[in-house]
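Undergrad: quick one: sequence plus predicted model below, questions after.
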Amino acid sequence: MRLKNDLLIRAAKGELTERTPVWLMRQAGRILPEYRNVRSKLSGFKELVKTPELAAEVTMQPVNLLGVDAAIIFSDILVIPEAMGLSYEMVEKKGPYFPKTIKSKADIKSLHKVEDGELNYVYEAIRLVKRELNGSAPLIGFAGAPWTILCYMIEGGGSKTFSNARKFLIQEPKLAHTVLNMITESTIKYLHQQVLAGADLIQIFDSWAGILPLNQYRKFSMSYIEKISKSIANAPVTVFAKGAYFALKEMNNLSCNTIGLDWNMDINESRTLLKSKTLQGNLDPSILYGDQKYIKMETKKMLKQFKGHPHIANLGHGVYPDTNPDHVKIFIETVKAFSA
């Protein structure tokens with residue numbers, strides 16, 4: 001089906017588009033009262049993720065209510081470790097929690113690569129959204145980078161230091177690579193199925209990229225991101241590695257189309273280091289706490305710095321949950337007006 005709004009696809013493929021496409025990480029939910037209304041009727045986050053009709057409904061909300069140029073499927077990066085045999089819980093106001101974690105070779109023996117049919121609820125949600133979009137905008141599918149997934153599998157949740165995961169890389173490097181390979185192969189299969197179901201673009205989230213030094217990041221993260229990126233031939237791929245400013249130069253060699261920048265990454269430096277990539281980002285999410293004049297000023301300042309380079313407007317991380325939706329609309333409308 002031909003897209004009526006293909007700005008995001010063309011920008012991802014390196015075109016300088018007539019205006020800058022715009023969407024937001026974590027746009028599906030969080031800030032919208034309509035999302036909270038759906039969520040309040042359920043047992044929790046996971047029920048929403050695993051109910052295709054409802055996941056599709058909240059995926060469509062920001063497209064209809066905020067006017068973004070793309071939908072991103074409502075799901076979670078942790079569906080992969082759960083499908084591999086390590087289940088998680090989503091604790092309200094605290095985040096993900098794994099009752100069981102990886103500590104030894106014995107723990108790894110209980111894991112398996114994702115098999116056909118294990119994540120059908122995600123693919124069904126994608127099919128439903130594609131039907132609802134009816135070509136009006138592209139749909140983004142996603143997965144977590146293997147290193148970020150491994151962090152959660154070892155730590156059992158979020159962490160300030162991820163010291164257990166980092167210790168594992170030093171004390172058990174072979175086991176680390178064993179699990180990373182399992183996650184990578186599972187993720188490749190998962191993302192291929194997302195594209196077959198209708199995802200137009202793919203984003204890989206490496207949320208904990210910034211906690212590794214470059215030598216470890218090359219071995220334990222970037223090499224696996226490259227395997228995934230290289231395997232996806234039928235959809236543009238974006239890599240968002242938060243905090244990995246030290247690896248930007250090397251990211252120019254990744255087999256992806258777009259590099260997402262967090263708000264601490266310098267735009268002019270990134271343009272120089274990533275000449276062959278479309279850039280995505282990177283407004284500081286906290287700017288949306290400002291008034292209308294401030295949001296417009298900072299958004300235009302960002303857009304001017306990207307001018308002349310293929311660009312997808314976004315925040316430098318996910319939108320904060322207490323952000324006023326009207327302020328998000330100001331950001332989106334400013335992007336659209338700037339390039340019109």
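TA: That came in fine, so what should we check first?
Undergrad: surely E226 touches S255?
TA: Yes - taking Cβ atoms under 8 Å as the definition, E226 is a contact partner of S255 at 6.1 Å. From N, CA and C alone the C-beta is placed, and that goes for glycine too.
Undergrad: so for those two, which sits in the more crowded spot?
TA: Using other Cβ atoms under 10 Å as the criterion, E226 and S255 rank with E226 on top: 18 against 15.
Undergrad: which residues sit in contact with the nearest residue to that one once chain neighbours are set aside?
TA: Of all residues not flanking E226 in the chain, L254 sits nearest, at 5.7 Å (Cβ to Cβ, 6 or more residues apart in numbering). Residues near L254 by Cβ atoms under 8 Å, 6 or more residues apart in numbering: 222, 225-226, 229, 239.
Undergrad: and S229, which helix or strand is it part of?
TA: Using DSSP states H and E, S229 falls within helix 223-231.
Undergrad: counting by contacts, list what that helix packs against.
TA: Contact here means 3 or more Cβ pairs under 8 Å, 6 or more residues apart in numbering; DSSP states H and E; on that basis helix 223-231 packs against helix 146-155, helix 173-197, strand 201-206, strand 237-241.
Undergrad: I'd like these written out as a markdown table, with distance to E118, mean pLDDT and mean neighbour count added.
TA: Output for these, formatted as a markdown table (distance: least, Cβ to Cβ, whole Å; pLDDT from 0 to 100; neighbours: other Cβ atoms under 10 Å):
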| stretch | distance to E118 | mean pLDDT | mean neighbour count |
| --- | --- | --- | --- |
| helix 146-155 | 15 | 98 | 26 |
| helix 173-197 | 9 | 98 | 19 |
| strand 201-206 | 19 | 98 | 24 |
| strand 237-241 | 23 | 98 | 26 |
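Undergrad: and these as JSON lines, adding distance to I287?
TA: Shown next, in JSON lines, are the helices and strands packed on helix 223-231 (distance: least, Cβ to Cβ, whole Å):
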{"stretch": "helix 146-155", "distance to I287": "25"}
{"stretch": "helix 173-197", "distance to I287": "31"}
{"stretch": "strand 201-206", "distance to I287": "21"}
{"stretch": "strand 237-241", "distance to I287": "18"}
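Undergrad: nearest to D69, out of the ones you listed?
TA: Ranking these by proximity to D69 (Cβ to Cβ) places strand 201-206 first, at 11.1 Å.
Undergrad: tabulate the CA atom coordinates of the closest one in PDB.
TA: Taking Å, rounded to 0.1, in the frame of the first residue of the first chain, the C-alpha atoms of strand 201-206 are listed here in PDB:
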ATOM      1  CA  LEU A 201      10.800   1.100   9.700                       C
ATOM      2  CA  ILE A 202      12.700  -0.500  12.600                       C
ATOM      3  CA  GLN A 203      14.300   1.100  15.600                       C
ATOM      4  CA  ILE A 204      16.900  -0.500  17.800                       C
ATOM      5  CA  PHE A 205      17.000   0.900  21.400                       C
ATOM      6  CA  ASP A 206      20.300   0.700  23.200                       C
END
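Undergrad: how close does the residue nearest to E226 sit to T238?
TA: Relative to T238, L254 is positioned 10 Å away (Cβ to Cβ, to the nearest Å).
Undergrad: report pLDDT for R30.
TA: At R30, the model reports a pLDDT of 82.
Undergrad: check the burial of it by counting its neighbours.
TA: That count, for R30 with other Cβ under 10 Å as the rule, works out to 19.
Undergrad: now it, what's its secondary structure?
TA: coil (DSSP: H, G, I helix; E, B strand; the rest coil).
Undergrad: in JSON lines: the contacts of L254, plus distance to T184.
TA: Output for those, formatted as JSON lines (distance: Cβ to Cβ, whole Å):
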{"residue": "M222", "distance to T184": "12"}
{"residue": "I225", "distance to T184": "9"}
{"residue": "E226", "distance to T184": "10"}
{"residue": "S229", "distance to T184": "11"}
{"residue": "V239", "distance to T184": "14"}
